[in-house]
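Student: Sharing a model prediction with you, sequence too.
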Amino acid sequence: MRKRRVTLLGSTGSIGASAIKVAETMPDRMEIVGMAAKRSSASLAEAANRLRPEAVCIVDPGSLDDLRRALNYEPIVFVGEEGLIELSTLAGSDLVLVAIVGTAGLRPALAAIDCGKDLAVASKEILVMAGEIVMTHANNKGVLVLPVDSEHNAIFQCLEGKRSEQIENLILTASGGPFRRLPADQLNNVTKAEALRHPTWKMGQKITIDSATLFNKGLEMIEARWLFNVPMRKVQVLIHPQSIVHSMVEFVDGSILAQLSHSDMCFPIQFAVTWPERVPHSLKPLRLAEVRSLEFEEPRYDVFPALNLARKAGEAGGVLPAILNAANEVAVQAFLDDQIPFPEIWRLVHSAMEYNANLASPSLDDIIRADSEARLFVRRALGNP
């Protein structure tokens, strides 16, 4: 029986909370030895005092004193962006679970791979921005990249023991968000509160807005392309409002395999930590007779252009996925700050992709520079240079 020693980057978010729950329910299989948070010092200290990891990291230097005061034991304390990298290379861990929203997890993830640590990825941006670099690096180092997103974890399960040439399509399911059936002419008037009312998952604000625009699913399309080494044309999206079927794989012989469970991130986290084994758990079992019906429908591509923009970025490659991701982050924040109407998120991302030049075979520095330039473009378009 193998026990994973896990460093958790993003311990105070929803993924972090689920990972902590998994660790507490199966201490013989998972031990959290490192924890990081951006600035939530009280939440980080509370979890650390309970789990007693050997090291913690607070990214915001201004929260360091609060963290130290709140800790009731003496772990190694790292601080800042460099502290994240130091935590990711902690000698005592063998798996780094990246659950940081945005681009901050990219350098720590690469540092972890450099040290020969397996990666569990819950942060889409890592593979969206630098999928080719990350996966090539992981392959060269002989480390695993395990998906934690429920959709990619589902595909990972469906593909066990299958060869890539047997794949016809990867089918990512999407809840459709709160505006799945809203007439297009009403989207201009939706409120922030309505957009944050996700029908299935309880998540942070940014990812919840991404689910409403379907950019979340667009980012997952690019992520799937790199995780499973398939061309973008083989990555499809299907609306499934019940969020019971987490994703599917269609094979060349016409068969489709699907992974089903209740909507609880503890399922994919546990599978990533215990893989290649399956172990008993205390999570709610799925009873299909109680579910009664499962619905599927095509996305409204004309109304939700995020999917087409993501496909274009994924097919072009280079720095275009980083431009899409960065522009979306700034546009989403502008919507949350009541600066723009909901559909303007799509328009700003499209404009950034049209304005900023693509670059084939970029280096990591090229990607980070494209990210910065796309953010600047959107801020200027918003009148916020």
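Tutor: Done, it's in. Numbers count the residues shown, from 1 in each chain.

Student: which regions of the stretch 251-385 of the chain lie under the pLDDT threshold?
Tutor: Flagging of the stretch 251-385 of the chain using pLDDT under 70 yields the residue ranges 385.

Student: what about the helices in it?
Tutor: Secondary structure of the stretch 251-385 of the chain by DSSP state H, counting those that start in this stretch: the helices cover 266-274, 288-291, 306-316, 320-336, 344-355, 364-381.

Student: Could you dump those into TSV and include mean neighbour count?
Tutor: In short, each C-beta sits where N, CA and C put it, glycine included. Converted to TSV, the helices of the stretch 251-385 of the chain look like this (neighbours: other CB atoms under 10 Å):
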stretch	mean neighbour count
helix 266-274	24
helix 288-291	8
helix 306-316	21
helix 320-336	25
helix 344-355	19
helix 364-381	18
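
Student: any chance you could map the helices in the stretch 101-250 of the chain?
Tutor: Applying DSSP H, counting those that start in this stretch to the stretch 101-250 of the chain gives helices spanning 106-114, 124-141, 150-158, 192-195, 205-213, 215-227.

Student: Could you say which one of the helices of the stretch 251-385 of the chain comes nearest to residue 252?
Tutor: Judged by CB to CB, the one of these that comes nearest to residue 252 is helix 306-316, at 21.4 Å.

Student: List the contacts of the closest one.
Tutor: Identification of contacts with helix 306-316 by CB atoms under 8 Å, 6 or more residues apart in numbering yields 213-215, 217-219, 221-222, 225, 232-233, 235, 237, 299, 301, 320-321, 323-324, 346, 349-350, 353, 358.

Student: winner for burial among the helices of the stretch 101-250 of the chain?
Tutor: Neighbour counts (mean count of other CB atoms under 10 Å) averaged over each of the helices of the stretch 101-250 of the chain peak at helix 215-227, with a mean of 27.

Student: Please state the offset of that one from the chain centre?
Tutor: Its chain's average C-alpha position is 9 Å from that of helix 215-227, according to CA atoms, centre = their mean, to the nearest Å.

Student: do the same with stretch 330-345
Tutor: Distance of stretch 330-345 from its chain centroid, counting by CA atoms, centre = their mean, is 21 Å.

Student: mind listing the strands in the stretch 1-150 of the chain by residue range?
Tutor: Counting by DSSP state E, counting those that start in this stretch, the stretch 1-150 of the chain has strands at residues 4-9, 30-37, 55-58, 76-79, 95-98, 118-121, 145-147.

Student: Output the contacting helices and strands for the longest one.
Tutor: If contacts are counted by 3 or more CB pairs under 8 Å, 6 or more residues apart in numbering; DSSP states H and E, strand 30-37 sits against strand 4-9, helix 14-25, helix 41-51, strand 55-58, helix 80-88.

Student: And the pLDDT for the closest residue to residue 103 other than its chain neighbours?
Tutor: Nearest residue to residue 103 in three dimensions, chain neighbours excluded: residue 125, at 5.1 Å (CB to CB, 6 or more residues apart in numbering). As predicted, residue 125 sits at a pLDDT of 87.

Student: ok, now which ones touch residue 125?
Tutor: Neighbour list for residue 125: 101-103, 105-106, 219, 325 [criterion: CB under 8 Å, 6+ apart].

Student: cutoff 6 Å now
Tutor: By CB atoms under 6 Å, 6 or more residues apart in numbering, the contact list for residue 125 reads 102-103, 325.

Student: Give me the distance between it and residue 249.
Tutor: As judged by CB to CB, to the nearest Å, residue 125 and residue 249 stand 24 Å apart.

Student: can you list the domains in the protein?
Tutor: According to automatic domain parsing, the chain comprises the domains 4-147, 153-316.

Student: closest to residue 370 out of the ones you listed?
Tutor: For residue 370, the closest of the domains of the chain is domain 4-147, at 8.7 Å, according to CB to CB.

Student: Next, the distance between the ends of that closest one.
Tutor: Length of domain 4-147, first residue to last, CA to CA, to the nearest Å: 16 Å.

Student: For residue 8, give the beta-bridge partners.
Tutor: Beta-bridge pairing of residue 8 under DSSP bridges involves residue 35, residue 97.

Student: I'd assumed residue 35 was in contact with it.
Tutor: Yes: between residue 8 and residue 35 there is a contact under CB atoms under 6 Å: 5.1 Å.

Student: so where's the stretch 1-150 of the chain uncertain?
Tutor: In the stretch 1-150 of the chain, no residues with pLDDT under 70.

Student: so what's the residue nearest to residue 259 when sequence neighbours are not counted up against?
Tutor: Sequence neighbours aside, residue 154 is the residue nearest to residue 259 in space, at 3.7 Å (criterion: CB to CB, 6+ apart). Applying CB under 6 Å, 6+ apart, we find residue 154 in contact with 246-247, 259.

Student: Tell me how far residue 154 lies from residue 200.
Tutor: With distances taken as CB to CB, residue 154 is found 15 Å from residue 200.

Student: How about residue 115?
Tutor: Distance from residue 115 to residue 200, by CB to CB: 36 Å.

Student: now do residue 326
Tutor: Taking CB to CB, one finds residue 326 at 27 Å from residue 200.
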